[in-house]
Each structure stands twice: as structure tokens, then as C-alpha cells.
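In: 3D, please:
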Amino acid sequence: MPTLETIKTFAGKITGIGRPKRDDVQTFIRARKGRTFRLQDDGIIPNHPRWPLIVYRSAIWLREGLDPAAVVEEVFRSNGWGNSWRNGIYDYVHYHSRIHEVLGVARGQASVEFGGLRGKTLKLQAGDVAILPAGTGHRCLKASEDFLVVGAYPPSGTYDECTTSEDHRLAVKTVRRVPRPRRDPIYGAQGRLVSAWKR
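Out: Down below sits the predicted model:
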């Protein structure tokens, strides 16, 4: 799947076919409050000590005739979240200790475990968005064959990938130092991230 999606991304950027117009991005965003989940450090997965996981249900309208992943990418890009990728979610527990991440479901559905073994399992489907503060453990437990996610990152932070074998004490210190993004990846300055992730 990654190779096919890479080709689609490249072709869409070159030709514009299937991609939404930048001026139309706001028409794909649905008003949603967003639900927060506080995840505890379990001694292996640090999660974030102050900031919750945020989940928006059906936040992005994936209009017929457009590449759904391109729609998600453009929504994220319009709020300053970039370096996007298309794929599934790994089936092993991992987290990012130096950067926050947003996951937008472009197709299909999956059960995703957030926070490690003692965390929360949520069913995500097309149009849903999850914003993971640095340190949030995540893995896919089960997914439909067509499951496709777009991931992206805020402008500040450095990508890393940590698993259960990482130095937990070091990760806890690093997670605390990742700066809060200025904008929510869906709703910009008005999003739940801005109010739920206090400085």
C-alpha cells in the first residue's frame, strides 16, 4: 500500500487530479468539539504528563470524487501541520518522544490502542482525527483491508520513533520539552488543542 499511495500522492501533486483546491479547504471541515483522553505513564510508555489525546469524530468531510488522503493532507497543511505520510498504523506499540503527531483516517476503519497496554482502545473510521501529544503510545489492533491514515507533524519538534525498549526515564524528560503547537491541525487557533493543551 505505501508504494501505491506514494505514486498517487506524486501524481496528484503534479496533475492536481483528485486534490482539493486550497481555497476550498474550509468546506471539508465539520464543526466538532473533540473528546479528550488522559493517558497515564505505565512505566514503559510515558504518554504525556499534562496534555491529553484529542479525538475528533467525523471532523473531515471526504467528498466523493476527490482523493480522501489529499483532502486530509490539505486540511492539516492549512493549519501548519506538514511532513505528511500515507500508510496504516504499525501493529506494535510505539511513540514519538520529540514531536506531536496527528492521524487522520482517509479510508476504512480500525481499532487502535492508545497509551500502551493500560491505555484506551478506540475504533477510528474515515473522517476521524486523533491528535497525539508527544509520548503517546499507539498501535493498530485490527483494521479493514482498505484502512488508510494520513499522518502529519507540527512545525516544531524532531521526528523519532520509540518502542518499549527505549530508555523510559530519558523519554519522560524529552516529552516534557516538546513545545505546544500554535494551531490545532483541524480548527487552527479555535481548536480543542489550544484550550486542552495548556502551556
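
In: Now do the SS call for residue 26.
Out: The three-state label given to residue 26 by DSSP: H, G, I helix; E, B strand; the rest coil is helix.

In: how about the strands in the chain?
Out: Per DSSP state E, the chain carries strands over the ranges 35-37, 53-56, 82-87, 101-107, 109-114, 120-125, 129-132, 138-143, 148-153.

In: need the contact list for residue 101.
Out: Going by Cβ atoms under 8 Å, 6 or more residues apart in numbering, residue 101 touches 131-132, 136, 151-153. (Glycine included, C-beta is placed from N, CA and C.)

In: Count the neighbours of residue 180 for me.
Out: Residues near residue 180, counting by other Cβ atoms under 10 Å, number 15.

In: so what's it scoring on pLDDT?
Out: Note for residue 180: predicted pLDDT of 97.

In: Not counting its neighbours along the chain, what's nearest it?
Out: Spatially, and ignoring its direct neighbours in sequence, residue 180 is nearest to residue 197 (5.1 Å; Cβ to Cβ, 6 or more residues apart in numbering).

In: before we move on, the earlier item: and the strands of the chain as TSV, adding mean pLDDT and distance to residue 26?
Out: Formatted as TSV, these follow (pLDDT from 0 to 100; distance: least, Cβ to Cβ, whole Å):
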stretch	mean pLDDT	distance to residue 26
strand 35-37	98	22
strand 53-56	98	15
strand 82-87	97	18
strand 101-107	98	16
strand 109-114	98	26
strand 120-125	98	22
strand 129-132	98	15
strand 138-143	98	28
strand 148-153	98	18
